[in-house]
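Participant: Turn this into a model:
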Amino acid sequence: MGNIRGADHTQLCCFVMFILAHGGTDKKDGSAYFQTSHGERLKVSSIKHQIAEIDELNGKPKLLFLQLCRGKRYDQGVEVADEPPSKPEKIPTGSDFLTSFPTIEDYIACRGDKGSRFIQSLCEVFTVHYRMFDVGAMMTMVTRKVADMSGSVKRGNNSTVNNVKQNPETTFTFRKTLYFGEPDKLAYQYIMRQQ
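Facilitator: Numbering: from 1, shown residues only. Sure thing, here's the model as predicted:
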């Protein structure tokens, strides 16, 4: 994080960070954490706070993608029945964040031979749809794609859990709609569109 805080962010239109690590949920306070390469546990909230304190990123979208487990449970799915403008002078500190986890709290994040379901789906959806859809719509597509997958996962004791499902969880505090259009047209701008 020291490199990020010390860098010049004045020319950036958007900040994107990927963290691929082992993780879990703190039993004391329920917060998500990940393990660094040095074995240190860092809370996701502390990373978000550190990014939020970078003045040059105020008012700019900050996307945080986290590929990490949030627990030890295996989701094998459930059956369901069919069912029918004025600008403020200051913005809230937590504004303009997207935080996306590969799974909901307490569950594992699945990984296969080609990598994680979440990161592969994220790359596929963004590569195909970035010119036409905003980030929120694309994250819904990613969630659907990952949720539709299932497979077998080996536990640490070499036993296998079959039909394991996974559902990403994404939260937004964006005040505007974010599009990743063609670089020459949109320049990865944070575009204001009235809903």
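Participant: C-alpha from now on. contacts and neighbour counts both.
Facilitator: OK.
Participant: The residue sitting nearest the centre point of the chain: what's it in contact with?
Facilitator: Among the residues of the chain, residue 100 comes closest to the average C-alpha position under Cα atoms, centre = their mean, at 1.8 Å. Each residue near residue 100 by Cα atoms under 8 Å, 6 or more residues apart in numbering is listed here: 64-66, 168-171.
Participant: at 7 Å what do you get?
Facilitator: With contact set as Cα atoms under 7 Å, 6 or more residues apart in numbering, residue 100 has these partners: 64-66, 169-171.
Participant: So which of the residues you listed wins on neighbours?
Facilitator: residue 66 (24 neighbours; other Cα atoms under 10 Å).
Participant: what about that residue, which helix or strand?
Facilitator: Secondary-structure element containing residue 66, defined by DSSP states H and E: strand 62-67.
Participant: just for this protein, where's the confidence low?
Facilitator: Counting by pLDDT under 70, the low-confidence segments of the chain come to 1-2, 79-89, 182-195.
Participant: What are the boundaries of the helices in it?
Facilitator: Assigned by DSSP state H, the helices in the chain fall at 2-6, 44-52, 117-129, 135-147, 183-186.
Participant: Any idea how far apart the tips of stretch 31-49 sit?
Facilitator: Taking Cα to Cα, to the nearest Å, stretch 31-49 runs 14 Å from one end to the other.
Participant: tell me which residues in it are buried?
Facilitator: Neighbour counts over stretch 31-49 (16 or more other Cα atoms under 10 Å) mark 32-35, 41, 43-44, 48 as buried.
Participant: ok, of those, which one's closest to residue 104?
Facilitator: residue 32 (10.3 Å; Cα to Cα).
Participant: I'd assumed residue 22 was in contact with the closest one.
Facilitator: No. Proximity of residue 32 to residue 22 does not meet the contact threshold set by Cα atoms under 7 Å, at 11.0 Å.
Participant: that older thread, now for the buried residues of stretch 31-49: which two are most distant?
Facilitator: By the measure Cα to Cα, 35 and 48 form the most distant pair in those, at 15.5 Å.
Participant: ok, residue 38 - contacts?
Facilitator: Taking Cα under 7 Å, 6+ apart as the test, residue 38 contacts no residue whatsoever.
Participant: ok, it to residue 21 distance?
Facilitator: 11 Å.
Participant: Just give the closest residue to residue 76, not the sequence neighbours.
Facilitator: Spatially, and ignoring its direct neighbours in sequence, residue 76 is nearest to residue 164 (4.6 Å; Cα to Cα, 6 or more residues apart in numbering).
Participant: circling back to that earlier point, let me know which of the helices of the chain is tucked in deepest.
Facilitator: For the helices of the chain, average neighbour numbers computed from mean count of other Cα atoms under 10 Å are highest in helix 135-147, which has a mean of 19.
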